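Trainee: The sequence isn't on hand, but the structure is:
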Ligand code: PXL
């Protein structure tokens with residue numbers, strides 16, 4: 001069985017980061033080892049959330065794994081707390097990366113033109129360096145604009161998307177995938193560029209007028225699980241985009257839905273059948 005290490009916070013209530021990555025990647029038949037960077041009572045869109053930083057645990061935990069000769073087929077990082085933690089993640093890459101380890105970085109820090117409350121421009125610069133060490137990165141347009149210094153736009157054309165992708169390529173990543181790319185009215189999807197082949201790929205599906213927390217994590221976790229279960233990259237991105245859109249639709253239909261996350265629990269069985 002393939003084994004992935006995912007490094008991100010655990011928001012106990014809120015359906016995001018590890019509480020999405022663990023069930024989704026496991027359901028796809030991939031062993032999911034977790035390294036929690038912090039424990040929060042909820043995600044940061046709640047008021048008065050608590051947060052216990054676990055930076056001092058990352059070294060001892062990974063040293064222990066190293067002494068057990070554990071190896072990973074992939075390392076997937078998501079929301080991280082501080083610049084110091086990004087440094088720690090780079091050393092975790094050095095500790096565990098071998099020829100067969102895929103490094104997948106989702107530089108979670110911003111959306112809709114704004115950084116999340118905990119972050120500033122220095123953090124964005126460090127996240128850009130982390131992306132430079134990755135095989136695959138999946139920023140949204142806001143994150144890409146903060147990392148490349150290219151102006152954020154709400155209205156754009158394919159030329160702007162290609163400019164952002166070129167900026168991401170300069171950071172050093174292998175495959176850069178922009179999420180939340182809307183190239184036609186009423187549609188949204190992903191557009192990516194593979195440095196090794198020089199090829200672009202693009203996938204658009206229906207745009208649903210609702211935004212939920214954790215959908216980026218759902219997209220990334222699905223990509224990681226599908227890639228490790230043997231799907232081609234472009235198929236993994238397409239399935240992840242379709243699954244995320246479908247899950248948002250199902251959530252909207254649920255009259256008892258919580259405001260803070262999506263009903264991925266209802267849709268997981270369908271994900272396993274998606275081709
Ligand atoms: O879904 C991304 C995410 C993960 N973890 C925490 C967050 C967020 C988004 O705000 O607050 C703690």
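Mentor: Noted; the coordinates are in hand. Note that the structure is a prediction, hence the values are computed from the model and not measured.

Trainee: and the stretch 101-250 of the chain, which of its residues are near the ligand?
Mentor: Residues of the stretch 101-250 of the chain lying close to the ligand (C-beta under 6 Å from any ligand atom) are 108, 116, 213, 214, 216, 217. C-betas here are computed from N, CA, C, even on glycine.

Trainee: avg pLDDT for stretch 222-237?
Mentor: For stretch 222-237, mean pLDDT rounds to 97.

Trainee: Also stretch 158-171?
Mentor: Average pLDDT, stretch 158-171: 97.

Trainee: Am I right that residue 252 sits in a strand?
Mentor: No - using DSSP: H, G, I helix; E, B strand; the rest coil, the secondary structure at residue 252 is helix, not a strand.

Trainee: Could you export the residues of the stretch 101-250 of the chain next to the ligand as JSON lines, including distance to residue 157?
Mentor: Shown next, in JSON lines, are those (distance: C-beta to C-beta, whole Å):
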{"residue": "108", "distance to residue 157": "26"}
{"residue": "116", "distance to residue 157": "27"}
{"residue": "213", "distance to residue 157": "29"}
{"residue": "214", "distance to residue 157": "29"}
{"residue": "216", "distance to residue 157": "23"}
{"residue": "217", "distance to residue 157": "29"}
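
Trainee: Can I have the buried ones of these as a ChimeraX selection?
Mentor: To isolate the buried members of those in ChimeraX, using 16 or more other C-beta atoms under 10 Å:
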select :108,213,214,216,217
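
Trainee: Serialize the residues of the stretch 101-250 of the chain next to the ligand to TSV and add fields for pLDDT, secondary structure and distance to residue 142.
Mentor: Below are these laid out as TSV (pLDDT from 0 to 100; DSSP: H, G, I helix; E, B strand; the rest coil; distance: C-beta to C-beta, whole Å):
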residue	pLDDT	secondary structure	distance to residue 142
108	97	coil	11
116	91	coil	10
213	93	coil	15
214	95	coil	16
216	96	helix	11
217	98	helix	16
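
Trainee: and residue 52, what does it touch?
Mentor: For residue 52, the contact set (C-beta atoms under 8 Å, 6 or more residues apart in numbering) comprises 38, 39, 40.

Trainee: Can you tell me the SS state at it?
Mentor: Put simply, residue 52 is strand when judged by three-state DSSP.

Trainee: Would you check how far apart it and the ligand are?
Mentor: 12 Å (C-beta to the nearest ligand atom, to the nearest Å).

Trainee: Next: residue 127.
Mentor: Taken as C-beta to the nearest ligand atom, the span from residue 127 to the ligand is 13 Å.

Trainee: Ramachandran angles for the residue nearest to the spatial centre of the chain?
Mentor: What sits nearest the mean C-alpha location of the chain, by C-alpha atoms, centre = their mean, is residue 106, with 3.5 Å. Backbone torsions for residue 106, taken as degrees, to the nearest 10, come to phi -100, psi 110.

Trainee: Can you check the pLDDT for it?
Mentor: Per-residue pLDDT puts residue 106 at 98.
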